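K.L.:
Starting from these lines, generate the structure:
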Amino acid sequence: MSDNRRVQTTTINALTNYFRFFFSMVISFWLIPFIIKSLGQDLYGLWSLTFSIIGFFSLLDFGFGLGVVKWTGETRVNGNLEYRNTMLSTVLFVYVMLALGGMLILGAFSFFYGRLFSIPEPLIPIAVTLLIILGVRSLLIQIPMSLFKGVLFGEQRIYLINIIQILSSIVYAASAFLALRNDLGVIGLATVNCLTFFGENLLYLFFAYRKTKGLSLSLKKVKKSFLKEAVSFSMYSFITTIAGLVLFQTDTMIVQLTLNLQLVGIYAVALKINEYAFLLSKQLVNVLTPLISELKENKEDETIRYLLLDIAKYITATGALITLTIYVFSKELLFFWVGPDFLQANVPLLLLMTSFLLTIPELIASNVLMMTGEHAFTAKVSISSIIIDLGASLILVQFMGLAGIAMGTLISTVANNVAVTLHKASKLYAFPYHHYLTKVYLPVLLPGIVLVGSGFLLKTFFPVQGLWDMMMKAVPGVLIYLVLFWFLSIDQNMKQKVREKVVRLRTRS
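P.N.:
Numbering: from 1, shown residues only. Okay, the predicted model is just below:
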């Protein structure tokens, strides 16, 4: 692929990623308060808890998903279609077996679910039904069908995935609204969630065959020798995935086990905001995954170094805009979005957002390490993350409540993501470790001081009156940040490229 074609493809994929993310965020921003109001705090807490439980069963993917992207991406360079088809056929067979086995395990677990998590007696039948429906969604549907989404991803047709997800979000939002308006409750909500997700995955299957050259999957292509090769890569990816689930799933379980169901719903709101911020930054990082595989195959180390530092700086800047704006308006956001009862989520939210901001450069570094042969290292770091996160959270929750669980996440981020992973990436690609401080973190944070100061000053003299008013009051700080970042943090070569691009666009118009 030529450099111009590569840039064009990456740009289109990234832009549609961001559009899809913002579109989904707007829908969720409206839908979540409606769900909370319709279900009540206890049932919303049960909804959040069940998704956390189901998240662990999604581990039955065993990391094969990243392998699907890797093998498909490499085939774009080497053209070995038979190898790809045999590998994907083998993985699909394994996926089906894992999904069926997972449903059996989930069925057995459902008998102990209520008592194990101290769910109130009247809610246990609802909790079990909810668990089974969402289990069908995340096991029988998601695990086998995710292969076709991975194929589209490896083919760098991410724009197509985004279009499908936008359509799915619209259908789900409308269906959820109608289900709750007609008093179908949390079971109705889970049912429409499952059916919408099934339709989305059918579209992945259809377009994977339509858009992928020579894609052919069958039982005849399943080979034991290829399974061993797939497992050797995917098991390390599997361990890395566990660490992600620790950050986004186990926290709510710890809240339920050590505190109560109502606080699960409160903490889930802080997690949801943090998740939105995390997903925003991952829109470009995800686009880079198949590209990194291609760069590795072509031995383009200089371009990989550019991703690790320069691209990391720009992605971190977007994360800083979100994080620092939330520093200023966190209480107002919680108060006007989900109500005063959720203000207990404020301190956990600030800690989680700090963790998110620090971990952004690591997202790219881990991606590079995983896709360039260092998957064993990333797996070891992930194990360390699990131990530190869980251990710190379980200790600190006794003294700090909800804030202690968020502090455990922050401690794990600093110890593993910032200290270990970034150091490994800098050593492997031959640049000083302190460049992460001088070329990524500092250029991003210096304009942020002005953003935070101006934001607090503005809301002190002009108190926030509502969500839309909060958004308007956030605009001046964002604009100030962007101006300062342009003059202080963007190098001259990048400025010149931007100017040339603007001139070309004007000439065309």
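K.L.:
I'd guessed residue 464 sits against residue 330; true?
P.N.:
No. Residue 464 is not in contact with residue 330 according to CB atoms under 8 Å; the separation is 11.3 Å. Heads up, the C-betas are built off the backbone N, CA and C, glycines and all.
K.L.:
How much space separates residue 37 from residue 377?
P.N.:
Using CB to CB, to the nearest Å, residue 37 is found at 46 Å from residue 377.
K.L.:
Output the below-cut-off pLDDT ranges for this protein.
P.N.:
1-7, 58-63, 225-249, 290, 297, 495, 497-509 (pLDDT under 70).
K.L.:
Show me the domain layout of it.
P.N.:
1-222, 239-445 (automatic domain parsing).
K.L.:
Out of those, flag the one nearest residue 494.
P.N.:
When those are compared by CB to CB, domain 239-445 sits nearest residue 494, at 7.7 Å.
K.L.:
so how far is the closest one from its chain's centroid?
P.N.:
How far domain 239-445 lies from its chain's middle: 10 Å, per CA atoms, centre = their mean, to the nearest Å.
K.L.:
Then stretch 449-464?
P.N.:
Chain-centre distance of stretch 449-464: 30 Å, with CA atoms, centre = their mean.
K.L.:
now swap in stretch 171-180 and tell me
P.N.:
Worked out by CA atoms, centre = their mean, stretch 171-180 lies 23 Å from the chain centre.
K.L.:
Mind exporting the C-alpha coordinates of it to PDB?
P.N.:
Taking C-alpha atoms only, stretch 171-180 is exported to PDB below (Å, rounded to 0.1, in the frame of the first residue of the first chain):
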ATOM      1  CA  VAL A 171     -32.300   0.600  16.300                       C
ATOM      2  CA  TYR A 172     -31.300  -0.200  19.900                       C
ATOM      3  CA  ALA A 173     -32.100   3.200  21.300                       C
ATOM      4  CA  ALA A 174     -35.500   3.200  19.600                       C
ATOM      5  CA  SER A 175     -36.300  -0.300  20.700                       C
ATOM      6  CA  ALA A 176     -35.100   0.300  24.300                       C
ATOM      7  CA  PHE A 177     -37.200   3.500  24.500                       C
ATOM      8  CA  LEU A 178     -40.300   1.600  23.300                       C
ATOM      9  CA  ALA A 179     -39.700  -1.400  25.600                       C
ATOM     10  CA  LEU A 180     -39.400   0.800  28.700                       C
END
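K.L.:
contact partners of that stretch?
P.N.:
With contact meaning CB atoms under 8 Å, 6 or more residues apart in numbering, stretch 171-180 is reached by 27, 30-31, 34-35, 38-39, 188-189, 191-193, 195-197, 199.
K.L.:
ok, the residue lying closest to residue 432 once chain neighbours are set aside to residue 358 distance?
P.N.:
Distance criterion CB to CB, 6 or more residues apart in numbering; nearest residue to residue 432, sequence neighbours excluded, is residue 426 at 6.5 Å. Noted for residue 426: a distance of 16 Å to residue 358, by CB to CB.
K.L.:
and if you look at residue 195?
P.N.:
Taking CB to CB, one finds residue 195 at 39 Å from residue 358.
K.L.:
Tell me the helices and strands packed up against the helix or strand harbouring residue 458.
P.N.:
For residue 458, the host element (DSSP states H and E) is helix 442-461. Applying 3 or more CB pairs under 8 Å, 6 or more residues apart in numbering; DSSP states H and E, we find helix 442-461 packed against helix 312-337, helix 467-489.
K.L.:
next one: the shortest one to chain centre, how far?
P.N.:
This points to helix 467-489. 25 Å.
K.L.:
got the buried residues for it?
P.N.:
Across helix 467-489, burial judged by 16 or more other CB atoms under 10 Å covers 470, 473, 474, 477, 478, 480, 481, 484, 485, 489.
K.L.:
Let me know the angle separating it from helix 312-337.
P.N.:
Using axes from the mean of the first three to the mean of the last three CA atoms, to 10 degrees, one finds that helix 467-489 and helix 312-337 are set 160 degrees apart in direction.
K.L.:
Offset the numbering so it begins at 339, please.
P.N.:
That works, and once the first residue is 339, the last one we named lands at helix 805-827.
K.L.:
tell me the angle helix 805-827 makes with helix 780-799.
P.N.:
Taking the same axes, to 10 degrees, helix 805-827 and helix 780-799 form an angle of 150 degrees between their directions.
K.L.:
So what touches helix 805-827?
P.N.:
651, 655, 658-659, 662-663, 666-667, 670-671, 674-675, 781-782, 784-786, 788-790, 792-793, 796-797, 800, 802, 833.
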